[in-house]
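Q: Here's a sequence, model it:
(chains A and B)
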Protein chains: 2
Amino acid sequence: MPDDFEAMWSALAPIGRSASSGGYFRQPFTTVESELRGWFLEQCAARDLTVEADGNGNLLAWWGADGGADAVLVGSHLDSVLDGGAYDGPLGVVSSLAAIDLLRERGVVPRRPVVVGAFAEEEGSRFGIACLGSRLATGSTTPEAAQELRDRDGVPLLDAMTTAGHSPVLGRAGWVDRIGCFLELHVEQGRDLVDRQAPVGLASAIWPHGRYRFDFTGDANHAGTTRMEDRHDPMLGFAMTALAASKQAQLAGQRATFGRVDVAPNGTNAIPSRVSAWLDARCESDAELVRLVAEIKRQAMERADRDGTRVTVTPESVSGAVAFDPAVTGALSSGLVERWGDVPVIPTMAGHDAGILAAAGVPTAMMFVRNPTGVSHSPEEFAETADCLSGVEALADALEVLVA
Amino acid sequence: MPDDFEAMWSALAPIGRSASSGGYFRQPFTTVESELRGWFLEQCAARDLTVEADGNGNLLAWWGADGGADAVLVGSHLDSVLDGGAYDGPLGVVSSLAAIDLLRERGVVPRRPVVVGAFAEEEGSRFGIACLGSRLATGSTTPEAAQELRDRDGVPLLDAMTTAGHSPVLGRAGWVDRIGCFLELHVEQGRDLVDRQAPVGLASAIWPHGRYRFDFTGDANHAGTTRMEDRHDPMLGFAMTALAASKQAQLAGQRATFGRVDVAPNGTNAIPSRVSAWLDARCESDAELVRLVAEIKRQAMERADRDGTRVTVTPESVSGAVAFDPAVTGALSSGLVERWGDVPVIPTMAGHDAGILAAAGVPTAMMFVRNPTGVSHSPEEFAETADCLSGVEALADALEVLVA
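A: Take a look at the predicted model:
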């Protein structure tokens, strides 16, 4: 008898949780991730699902129609941002397993295989590229590019994977060709469903999203003896740029965040020689993203000129707008209406593996579960259990539409 | 035959030097510091100086008048800021040893003991309190306070000392009572001596100096899905404060620097929950320091109010203005005039162990060696060898004034 939703949730709760903040540190290719994978393998074994590791860190658990194609992929990811919440990722994996249980209880025998995916490094919290696992599997990131990736301690990706007990074979994965459509369930990361008083919703599109490293460089010097007018302090360029990014995004109704900073030498009594900071920018359209980042960069360079410092901007990952598949989304919408009424169809400003598979040509849809505060990427991230269970029911209903 | 100045300098050059930046990482209670101490002990042995370790990490090497009081202390420190220069600290230690050689060559038999000091953690680069060794030895920092100190990795001071082979007995040191005056030689950290075309100078005073930790706290959240107007992003408060500090200091002809930042969780796609940043502030007078820091704090709090974030300010170390001893400085000035002409007497904006001993009632003076660029706390810090050798000669001449 496999665990039900709540038992699965309880088993996951302590893994990678910080005793001080209550947040999660579930970084890929760590002992915490090994525990998460162990949990996943156990749950799949209890359900007689056949698990495949694809060499990119992703796990795929197959139900029915052995070796068949045109499979329906569900699932999400188990990793978290640094000090993140419990729901972003794991809710989709746990709900997918619980939905399979429900379909079996209902006596559904799927015409198409159902696959539960657990994707690696979705958050990019360790190697800096979001959705690394699905990008590698679909070929949108090349193995050559991935082999250059290093974490903050300088550990290369392949070393990290091998140390964590993986057998990495990076690159396009065969399973992708066997997927007919992908439906990712995810906790909502805003309050649209709260406003619409709906426990679940479907996604229309993902906003374009880019990550850009700004390297501000100047001249290290003594913080006491160097006159203000003789300085070339890169911290000032960063500070002005962080404020400018926030202001520009606010004016345009977009998003811009500097949440990660690295200073050298980072000593109290030394003017820095370098401040690196990462801009996370998201806009309603590709053109607006280009315009926003260009404007932030222009202001950064103007300030650097004034300060006698330098700034370079390196895009680390840029994902264009993703429209989810209207046919799949439409079929789900129609299939759910009888039991769930008109399910809201809303955009998301967050990147997801669903976006990567959609961009790779897989017909893709997403389902959201209501988040009462809208808070995400934080220990405070939350969803009511009743809403999570509604999510499982709705996901099972959606799977029935797709596979029965 | 002990090493001469240039041989000592060459022996020190590779210790703790970064191959990539060329800068020095000579943090206290590390294997690099053990190498530096080993070098110091060897040089003292070659000169028949009796070395005393005071339990606070400081080394004192005594020449002549065994056990006598009213000693003349020279020397400086061997540690560096992170990625610092070669001269700040070591120049004083090496010059002091070379000056003893010169006095011996001249046949000087000191009436008073001469002591070469090598002080611990002068830069505060590991435990955050500048001049920690001299503060402990003079009692201006208590052992109880020091025992609470931790480095960035959470290692307590006593553990760090023990691991590095020290036998810590923190607290006021007996040797302080045997010191009649202190003369610290140091590379200049500005360009006053360049403007005055003088290879060496004397110090009039040290500006008041404070280090303050600003903790900006807000609400971690998703960088994509959280609308700009719903955020409580502490990075913005920090950014505004860094710009305000620079502007206020510039307007008032003072110094204010944010050179160290620590962000939590420091992820690209998460709005931070906390940004801690350290203000280094130095002013011409104690009153101006109070005013400058209050104004920066006021602006930080005003911005935090606007952003719905919070900020707390914790002074980590504050040193009042230090006027060096006019009698000692005057005697040196008179004693040097015949050979060196009118030696410039200039203020310094940098803290030094000399300031700590002066504040503790030891009659103290400082001697500077010209720095052609004024750059300090940087791999580019430099002094011409000819000027360093002039420094050794002038220091020997000064010691003759004091001990012959």
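Q: List the buried residues of the helix ranked longest in chain A.
A: Taking residue count as the measure and DSSP state H as the definition, the longest helix of chain A comes out as helix A:286-307. When neighbours are counted by 16 or more other CB atoms under 10 Å in any protein chain shown, the buried residues of helix A:286-307 are found to be A:288-289, A:292-293, A:295-297, A:299-301, A:303-304, A:307. Every C-beta, even on glycine, is put in place using the N, C-alpha and C of the backbone.
Q: so how far is it off the chain centroid?
A: If you compare the mean C-alpha spot of helix A:286-307 with that of the full chain, they lie 26 Å apart, counting by CA atoms, centre = their mean, to the nearest Å.
Q: which strands and helices sit next to it?
A: Applying 3 or more CB pairs under 8 Å, 6 or more residues apart in numbering or on different chains; DSSP states H and E, we find helix A:286-307 packed against strand A:209-217, helix A:234-252, strand A:274-282, strand A:310-319.
Q: Adding pLDDT, write the buried residues of helix A:286-307 out as JSON lines.
A: Shown next, in JSON lines, are these (pLDDT from 0 to 100):
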{"residue": "A:Glu288", "pLDDT": "96"}
{"residue": "A:Leu289", "pLDDT": "97"}
{"residue": "A:Leu292", "pLDDT": "97"}
{"residue": "A:Val293", "pLDDT": "98"}
{"residue": "A:Glu295", "pLDDT": "98"}
{"residue": "A:Ile296", "pLDDT": "98"}
{"residue": "A:Lys297", "pLDDT": "98"}
{"residue": "A:Gln299", "pLDDT": "98"}
{"residue": "A:Ala300", "pLDDT": "98"}
{"residue": "A:Met301", "pLDDT": "98"}
{"residue": "A:Arg303", "pLDDT": "97"}
{"residue": "A:Ala304", "pLDDT": "97"}
{"residue": "A:Asp307", "pLDDT": "97"}
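Q: Any chance of the residues you listed in CSV with distance to B:Arg260 as columns?
A: Putting the buried residues of helix A:286-307 into CSV (distance: CB to CB, whole Å) gives the following:
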residue, distance to B:Arg260
A:Glu288, 36
A:Leu289, 33
A:Leu292, 30
A:Val293, 28
A:Glu295, 30
A:Ile296, 25
A:Lys297, 26
A:Gln299, 25
A:Ala300, 21
A:Met301, 25
A:Arg303, 21
A:Ala304, 21
A:Asp307, 19
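Q: Show me what the helix or strand where A:Asp387 lies is packed against.
A: Per DSSP states H and E: A:Asp387 is located in helix A:385-403. Using 3+ CB pairs under 8 Å, 6+ apart as the contact criterion, the neighbours of helix A:385-403 among helices and strands are helix A:5-12, strand A:71-77, helix A:90-105, strand A:179-187, strand A:200-206, helix A:326-340, strand A:364-369.
Q: For that helix, buried residues please.
A: Across helix A:385-403, burial judged by 16+ other CB under 10 Å covers A:387-403.
Q: now swap in stretch A:130-140 and tell me
A: Counting neighbours by 16+ other CB under 10 Å, one finds that the buried residues in stretch A:130-140 are A:130-138, A:140.
Q: next one: stretch A:362-381
A: If you call a residue buried by 16+ other CB under 10 Å, then stretch A:362-381 has these buried ones: A:362-371, A:374-379, A:381.
Q: With stretch A:224-233 instead?
A: For stretch A:224-233, using 16+ other CB under 10 Å, the buried residues are A:224-228, A:231-233.
Q: Quick check: residues of the stretch 1-150 of chain A near chain B?
A: Applying the criterion CB under 8 Å from any CB of the partner chain, the portion of the stretch 1-150 of chain A that neighbours chain B consists of A:23, A:81-84, A:88, A:123-125, A:128, A:130.
Q: ok, back up a step: for the buried residues of stretch A:224-233, give me TSV that also has secondary structure.
A: Supplementary listing: those in TSV, determined by DSSP: H, G, I helix; E, B strand; the rest coil:
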residue	secondary structure
A:Gly224	coil
A:Thr225	coil
A:Thr226	coil
A:Arg227	coil
A:Met228	helix
A:Arg231	coil
A:His232	coil
A:Asp233	coil
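Q: restrict the residues you listed to contacts with chain B.
A: Applying CB under 8 Å from any CB to the buried residues of stretch A:224-233, one finds that A:224-228, A:233 fall near chain B.
Q: Closest to A:His209 out of the residues you listed?
A: Using CB to CB, A:Asp233 comes nearest to A:His209 of those, at 30.9 Å.
Q: And the spatially closest residue to the closest one that is not a sequence neighbour, what's its pLDDT?
A: Spatial nearest neighbour of A:Asp233, chain neighbours left out: A:Ile271 (5.0 Å); criterion: CB to CB, 6 or more residues apart in numbering or on different chains. According to the predicted model, the pLDDT of A:Ile271 comes to 96.
Q: just the one 3 residues further on next, same as before
A: pLDDT, A:Arg274: 98.
Q: what's around it, how many residues?
A: In terms of burial, A:Arg274 registers 20 neighbours under the definition other CB atoms under 10 Å in any protein chain shown.
Q: Quickly list what it is bridged to.
A: When bridges are taken as DSSP bridges, the partners of A:Arg274 come out as A:Thr217, A:Ala264.
Q: so is the closest residue to A:Leu336 other than its chain neighbours in a helix, a strand, or just coil?
A: Distance criterion CB to CB, 6+ apart; nearest residue to A:Leu336, sequence neighbours excluded, is A:Val343 at 5.2 Å. Put simply, A:Val343 is coil when judged by three-state DSSP.
Q: just to revisit the earlier point, kindly reformat the ones next to chain B among the buried residues of stretch A:224-233 as a markdown table containing pLDDT and distance to B:Val72.
A: Output for those, formatted as a markdown table (pLDDT from 0 to 100; distance: CB to CB, whole Å):
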| residue | pLDDT | distance to B:Val72 |
| --- | --- | --- |
| A:Gly224 | 91 | 27 |
| A:Thr225 | 88 | 26 |
| A:Thr226 | 91 | 32 |
| A:Arg227 | 89 | 34 |
| A:Met228 | 94 | 37 |
| A:Asp233 | 98 | 39 |
